[in-house]
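*Asks:* with the input below, show me the fold.
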Amino acid sequence: MSDSVSPDAGSRAAAGDRPVGKRRAAAAETRQRLIDAGLRLAEQTGLMGLSINLLVEEAGVSKGTFFHHFGDRPSYVIELHREFHDRLFDRIRTAMRGLEPGAERLDTIARSYLDTCLQHRGVRALLLEARADPQIAAEIAARNTASAAEVLADFEALGWPDPQQTARLWVGLVAEVALLEHAASRRDTKLRRALGQLTRR
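*Replies:* Sure, this is the predicted structure:
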């Protein structure tokens, strides 16, 4: 008996694969619609007002679809946090592309982070409200660790004696400036200038 696969058998296999691929693509698209709906609504509702009913209405899907993709509301809020920060980090990486490690690159990273947080104050407010959740707190800690790793080369290039620890502290300082600007609803030029001066010891 031949071990080769006939052209017809291969065609049937490929045809059987396509619906699975399409279903996966459709599921990913639906999941993304729900995330995008949450990011839009967050600008208006805050955490308490972000109900599942509002989300499914905004996304144009059923409640069953929501629970299929996320299980419950807390899990959804965690995914919202991840999506916002994934987009934020993508924007920062784009801004820092081509820059050599050092003070100028740190300024660019901080400016991109702070400007994006101000541009999306509603989402930022919702995520700040959610910080009391232990899972969100764990996400924030993980993001801070990743952020410190991103800027480690900058502090090494600047010759800081403890670059890893300094990078971690700098990430915390940038987050603090973001909180203060969020509370004031505006850019704080003096705070940003002070942040830049701290890296130029």
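
*Asks:* so where does the residue nearest to residue 35 when sequence neighbours are not counted fall, helix or strand?
*Replies:* Distances taken as Cβ to Cβ, 6 or more residues apart in numbering put residue 83 closest to residue 35, at 5.0 Å, once the chain neighbours are dropped. Placement of C-beta: from N, CA and C, glycine included. For residue 83, the host element (DSSP states H and E) is helix 73-96.

*Asks:* could you do residue 108 as well?
*Replies:* Residue 108 belongs to helix 103-119, assigned by DSSP H and E.

*Asks:* any idea of the angle the helix holding residue 83 forms with helix 103-119?
*Replies:* Helix 73-96 runs at 140 degrees relative to helix 103-119, counting by axes from the mean of the first three to the mean of the last three Cα atoms, to 10 degrees.

*Asks:* need the contact list for residue 172.
*Replies:* The contact partners of residue 172, by Cβ atoms under 8 Å, 6 or more residues apart in numbering, come to residue 144.

*Asks:* which residues does the residue positioned nearest the centre of the chain contact?
*Replies:* When Cα atoms, centre = their mean is applied to the chain, the residue found nearest the centroid is residue 85 (1.5 Å). Applying Cβ under 8 Å, 6+ apart to residue 85 gives the contacts residue 143.

*Asks:* that one and residue 76, how far apart?
*Replies:* Using Cβ to Cβ, to the nearest Å, residue 85 is found at 15 Å from residue 76.

*Asks:* could you do residue 24 as well?
*Replies:* Taking Cβ to Cβ, one finds residue 24 at 20 Å from residue 76.

*Asks:* same question for residue 43.
*Replies:* Distance of residue 43 to residue 76, given as Cβ to Cβ: 17 Å.

*Asks:* in the protein, what helix or strand scores lowest on average pLDDT?
*Replies:* Counting by mean pLDDT, DSSP states H and E, the chain has its least confident helix or strand at helix 7-49, which shows a mean of 76.

*Asks:* centre of the chain to whichever helix or strand comes after that helix, how far?
*Replies:* Sequence order places helix 52-59 as the next helix or strand after helix 7-49, per DSSP H and E. From the chain centre to the centre of helix 52-59 is a distance of 21 Å (Cα atoms, centre = their mean, to the nearest Å).

*Asks:* I'd like the next helix or strand past helix 52-59.
*Replies:* helix 63-70.

*Asks:* would you mark the buried spots in that next one?
*Replies:* Within helix 63-70, the residues that qualify as buried are 65-66, 69-70, counting by 16 or more other Cβ atoms under 10 Å.
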